[in-house]
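Trainee: here is a sequence with its predicted model. Questions after.
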Amino acid sequence: MRFARESLRRGMRSLVAGITCIACLHCASVEAQHADTIAASEPPPFVAGGYDDKPHLRGLFGRIAVGGYAELHALWQREDGATDDAGFLLKRWNLLTSTRVSDHVHVWAEVEIEEGGEEVRLELAQMDFLCHPRLNLRGGMLLLPLGRFNLAHDSPRNEFTDRPLVATDLIGTALAMPGLGMFGRFGAGATGSATYELYAVNGFDGGIIDASSDGTRLTEGGVNVEDNNASPAVVARTAWMPAEGSEFGLSAFTGAYNRFRIEGLDVDERRSVRIGSIDARTRLLGLEWNGEAAAVEVDVPPGLGGIYASRQSGFFVESRRVFGRRWIPSMPAASFSAGARVEGVDFDRDLAGDSRIQLTGGLHFRPTPETVFKLDYARSRSRDRFHNPAEGAALKFSLTSYF
Amino acid sequence: MRPTRHPGARPGFLRGVALSIRPVFALAAVVLGLAACDRLMTTAPSSGDLFDAPLTGLSAAELAAFAEGDAQFGLAFAPAAGLGPIFNNVSCASCHSGDGRGRPENALTRFSRSGDPVRELGGPQLQDRAIPGAEAETVPEGVETSLRLPPPVFGVGLIEAIPEADILAYADESDADQDGISGRPNYVTPPDFLPAHGGGVPVVGRFSRKAQVASILQQTVEAYHQDMGITTDFITDDNHNPLASGATVAADRVADPELATASVLAVVAYLRMLAPPEPGPMTPGRIRGRAMFDQVQCGSCHVPSFETGTSSIPALRNRTAQLYSDLLLHDMGEGLADGRPDGQANGREWRTTPLWGLRIMREFLKGQVFLMHDGRARSVDQAIRLHGGEADSARIRFEALPSADRAALIDFVESR
């Protein structure tokens, strides 16, 4: 019996080694063809507005491109008639680098300095081994493909001053974790294409419960730089791009967040976080539409039931129309846009309260595509766990620009 | 005279600048329009329609303390901030909706055995939640239990400032006036951590369902400890489930005390300065309802008002507190009895619940009403009909009223 098992194991090893060799050879030959194709026509960005869709980074010196974006907010917001906040905030100053080490190795990084330096973190540091359009390897500090917004959230691209609630309050954009995995694209050009990303990452840590004073909050457990439970999480997204300007994505995440085993001892039950998300952007009725919805399930320790939520959800839908492209002769690239966003987040779906809905309208001016002046007015209604409402309003002006 | 063009300026530049100014003006107009339209930025509700408004007459320094205490009152604790090991809820505000009363979902269970708080079994309060690594309590067998809805916290500063003698003036333990009402104080011995009341001298209890608490500081410290599992300089030891494995005592890894004295005192100051909501206007119907209230003799226990005495906070001095309570214990009959003594209060006695704030209670409870100590009454009418014991004769008089008079009485009570 033992001999049979050993033979089977050896056979499996040989099979895996063989498949790997064939795959590498196949990759090498197809990559050669692909290089020719690249020379003929640049493929569209992997994610529109994502890490490889930053025009200002192109055409710089050598193999290294450096850039970034800055974002200043001026805001006045109130809740129930009392001024909560009025002032200025250097919201972000992000530094981006892109290095094409070779035709097969590409390194991307982004350092984020938030709120005037109060928070400095490595938002993205990914190394891509480009093997074949359909199968590439990626490792590093990865932006989780959990909805398109988490992958493409640069302020100069984001239509409004604030990111959507589902991204900031539910998912925790920019959500990045150390991990390893693969990505690829099927099809290209006007006929449409589909992409996928599949990674193993550290996952959330117990902070989503332990460090959160507002109930279950994924945002409190996303900085799991050193894995806490030796149990990788899996995150994946697949997207279909039928035409330029349209993209429909489906994402999922699952993984344990708590430390359930210590030195081989089972010290707790394995508790998981599961997230599902759908996203879409398209053009319809002369407007550009963008939206995302996410649902979260968390296994809450039994001693915290009723206070910490096990089910959460959120969504946003926004639309904009660009106009006035030639209104300013001295700024031929300038344009205006008007947009509206409706969004909501429910921090506890098993409770009538603990939620927030918000409507935002904005008028935005882009002297060039890289720079935006945004003026937004938002009206919100949040409810506490007793379902008591609080009316909020905010007037926000922001200036953001790539550099 | 033709305008001179700046050397190097491109043709059409000035026109471009002029045109580019238009959107700037438009933006400025939008900003000014929004700034001028205050309503667009939300408006504040009347302070008299809130449970969490400050007393009138507070100084700027007192209002600053009020704001600080408000923030502490709303502060929710996570396990990493000291929550637990066993607890009921995560913040003061989590139990007191808008600083008003709670709901059955966050009611507390208190238990004891023949007056013994059975601390060795986890009494006197059930902590039915626990942080990871700790074990929540369950109700042990053979004990008396009592469900307690969180009471409102507004107006407690006024209650604390009522002279003890004025409360005792309504006490009639032996029913000397033979009106069937025999209110008595719950004399409680303040805990050692209350130096101002130390010395083991019993004082009149004023707070909680059985008037078993004498001061706001005591109530606050014990709520932090019992309800949230937060240790303070006043009670430095964590509250553990005595029936759980001894190995679980290390579950709460936050150093004690978990909350600074300044934070506790800020909450105490905040509570003291919380104003009760204003009663509604006296319409003709309510004037009639007030007359019915007197005729039924509800006011024998629901004493309409007290005058406060001295206080360290000037705004609390010599104020009229329209609380509609004598703050004394009364036998409420077998139907409401929990069979569970608390201090000198026996299992049939309850402190007269103040009626202030009933006018807006629905607004903070999703339009619902939860009355009596455990929230069993879903309307004022139902609550009155549940009165027994000393209040039996008042209930009978109420039930004998014509329906229009009953409605007027209820409207009056609900306008307080």
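Mentor: Looks like it came in fine. Residues are numbered from 1 along each chain as shown, chains lettered A, B, ... in the order given.
Trainee: just give the nearest non-adjacent residue to the residue in the stretch 151-300 of chain A that chain B sits nearest to, would you?
Mentor: Residue nearest to chain B within the stretch 151-300 of chain A: residue A:213 (3.9 Å; Cβ to the nearest Cβ). C-beta here means a position set from N, CA and C on the backbone, and glycine is covered the same way. Excluding the flanking residues, the one nearest residue A:213 by Cβ to Cβ, 6 or more residues apart in numbering or on different chains is residue B:76, at 3.9 Å.
Trainee: okay, now the unreliable bits of the chain?
Mentor: You didn't say which chain, so I picked chain A. Per-residue confidence of chain A (counting by pLDDT under 70) places the weak regions at A:1-42, A:56, A:58-61, A:189-191.
Trainee: hmm, no, I was thinking of chain B.
Mentor: Counting by pLDDT under 70, the ranges of chain B that qualify are B:1-23, B:34-37, B:195-199.
Trainee: just so I have it, where are all the strands in it?
Mentor: With DSSP state E as the criterion, chain B has strands at B:86-87, B:108-112, B:129-130, B:144-148, B:187-188, B:203-204, B:306-307, B:320-321, B:329-331, B:349-351.
Trainee: most tightly surrounded among the ones you listed?
Mentor: Most buried of these by mean neighbour count (mean count of other Cβ atoms under 10 Å in any protein chain shown) is strand B:86-87; its value is a mean of 29.
Trainee: show me what that strand is packed against.
Mentor: Packing partners of strand B:86-87 (3 or more Cβ pairs under 8 Å, 6 or more residues apart in numbering or on different chains; DSSP states H and E): strand B:129-130.
Trainee: which helices and strands sit right next to the strand it packs on?
Mentor: Other elements packing on strand B:129-130 under the criterion 3+ Cβ pairs under 8 Å, 6+ apart are strand B:86-87.
Trainee: how distant is the strand it packs on from the center of its chain?
Mentor: Its chain's average C-alpha position is 20 Å from that of strand B:86-87, according to Cα atoms, centre = their mean, to the nearest Å.
Trainee: same thing with stretch A:188-200?
Mentor: Relative to its chain's centre, stretch A:188-200 lies at 16 Å (Cα atoms, centre = their mean).
Trainee: which residues are contacting it?
Mentor: Residues from elsewhere that reach stretch A:188-200 (Cβ atoms under 8 Å, 6 or more residues apart in numbering or on different chains): A:41, A:43-44, A:46-47, A:133, A:138, A:142, A:144-145, A:179-187, A:232-244.
Trainee: now swap in stretch B:262-274 and tell me
Mentor: Applying Cβ under 8 Å, 6+ apart, the contact partners of stretch B:262-274 are B:51-55, B:58, B:62, B:65-66, B:68-70, B:72-73, B:75, B:92, B:99, B:153-157, B:160, B:216-217, B:220-221, B:224, B:232-234, B:311, B:313, B:315-316.
Trainee: of those, which are in range of chain A?
Mentor: When contact is defined as Cβ under 8 Å from any Cβ of the partner chain, those meet chain A at residue B:75.
Trainee: and the contacts of stretch B:262-274, which are buried?
Mentor: B:51-55, B:58, B:62, B:65-66, B:68-70, B:72-73, B:75, B:92, B:99, B:153-157, B:160, B:216-217, B:220-221, B:224, B:232, B:234, B:311, B:313, B:315-316 (16 or more other Cβ atoms under 10 Å in any protein chain shown).
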